[in-house]
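Q: below: sequence and its predicted model.
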Amino acid sequence: MTDDDSVTATPATTPAPEPAVPEPAVPEPAASAAGFTPEQPPAAPRPASRRLLRAGAATVAAALVGVVIGVGIIRTRYDDPAPAAAASPTGAPAPTATPTPYGAKSNGSHFGSLRDLLLPVPAGFELGPDEGGYGNDTEIGAGQISDELDAELQQVPKDKRDKLRSYWEGLHVKGTGVRTYRNDGNNLVVGLRLRQFNQQEVQRINEYTAVFTGDTGIFRSGPQIPGHPEAHCYLMPAPPSAPIDYLECSAAEGDLLVVMSVEGVAPLPKDKIVGLFTLQLDRLASPGASA
């Protein structure tokens, strides 16, 4: 692959509000397993339902051996933006921060903060619950993930430990960005993760995930993402009467593996989910990520 360093940069200024995605009517039962009720204040889904979602995701991760990509995410909190400086006696305006560029090179590799590349909170949503206790708006560096991986690998037999470590080093992981969203009706929680590593492996893992989730018969088929043939969605195993449903979508965008997990009252509003994932992928379109 030619390493074309031509760059289209976009200032990381506060993005304009994303267009609201039409929301189909969603049943609002008096109570549900995840605690989604209109009368309650926003709250993280109950651990039992999260375990079901993570159990399904773990099946895929283990099959990919790419479990090392997401193992041991260490929480890294960005400080809250500093309050605007008070005006001086002369009335001089407070200094403004220099915009940080972010975007994509023409060869598909992305630069800048993963938090800037993540979809801003769209209309009808707010930041959601912490993702596994690591925060709801987080960027994790490669060094931090590697350190935690070392600790996790101590529980793995040495022959497999060496293979996993070798595989990890070949990925050239740069980091992971995480952001969660909760809708205003408090019946839908969405998590987006950007995992940045070797482009060839990003493509390979995404393709393998599509085959694995489509051919094993374990997962239910999810909606298509128009304009993004590399993207695929699948629903976790669940009985027809389950009050809560779970869906994941995956796509390869250059050197970013984009994963969206969704949990909400059944039936899930698939049009809204497709709209959100489309907005995220369009934001990462190469060359040049848009604000």
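A: Looks like it came in fine.

Q: residue ranges with poor pLDDT in this protein?
A: For the chain, applying pLDDT under 70 flags the ranges 1-100, 133, 286-291.

Q: ranges for the strands of it?
A: Ranges of strands in the chain, per DSSP state E, are 7-11, 101-105, 110-111, 125-127, 137-141, 175-183, 188-196, 220-221, 232-235, 244-253, 256-265.

Q: and the fifth one with strand 175-183, angle?
A: Put plainly, it is strand 137-141. 170 degrees (axes from the mean of the first three to the mean of the last three C-alpha atoms, to 10 degrees).

Q: partners of strand 137-141, with directions?
A: Next to strand 137-141 in the sheet, as set by DSSP bridges, lie strand 175-183 (antiparallel).

Q: return the alpha-carbon coordinates of the strand it pairs with using PDB.
A: The C-alpha trace of strand 175-183 is given here as PDB (Å, rounded to 0.1, in the frame of the first residue of the first chain):
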ATOM      1  CA  GLY A 175      -5.500   3.200  20.800                       C
ATOM      2  CA  THR A 176      -9.200   2.800  21.400                       C
ATOM      3  CA  GLY A 177     -11.900   5.500  21.700                       C
ATOM      4  CA  VAL A 178     -15.200   4.900  23.500                       C
ATOM      5  CA  ARG A 179     -18.400   6.900  23.800                       C
ATOM      6  CA  THR A 180     -21.900   5.900  24.900                       C
ATOM      7  CA  TYR A 181     -25.200   7.500  24.200                       C
ATOM      8  CA  ARG A 182     -28.700   7.200  25.900                       C
ATOM      9  CA  ASN A 183     -31.900   8.300  24.100                       C
END
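
Q: related to what we said a few turns ago, distance to Thr278 added to the strands of the chain, as TSV?
A: Every residue, glycine included, has its C-beta placed from N, CA and C. As requested, these are exported to TSV (distance: least, C-beta to C-beta, whole Å):
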stretch	distance to Thr278
strand 7-11	19
strand 101-105	17
strand 110-111	18
strand 125-127	15
strand 137-141	21
strand 175-183	15
strand 188-196	12
strand 220-221	18
strand 232-235	11
strand 244-253	10
strand 256-265	11
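
Q: nearest to Ser166, out of the ones you listed?
A: Of all the strands of the chain, strand 188-196 sits nearest to Ser166, with 18.7 Å by C-beta to C-beta.

Q: counting by contacts, list what the closest one packs against.
A: Packing partners of strand 188-196 (3 or more C-beta pairs under 8 Å, 6 or more residues apart in numbering; DSSP states H and E): helix 67-70, helix 114-117, strand 175-183, strand 256-265, helix 270-283.
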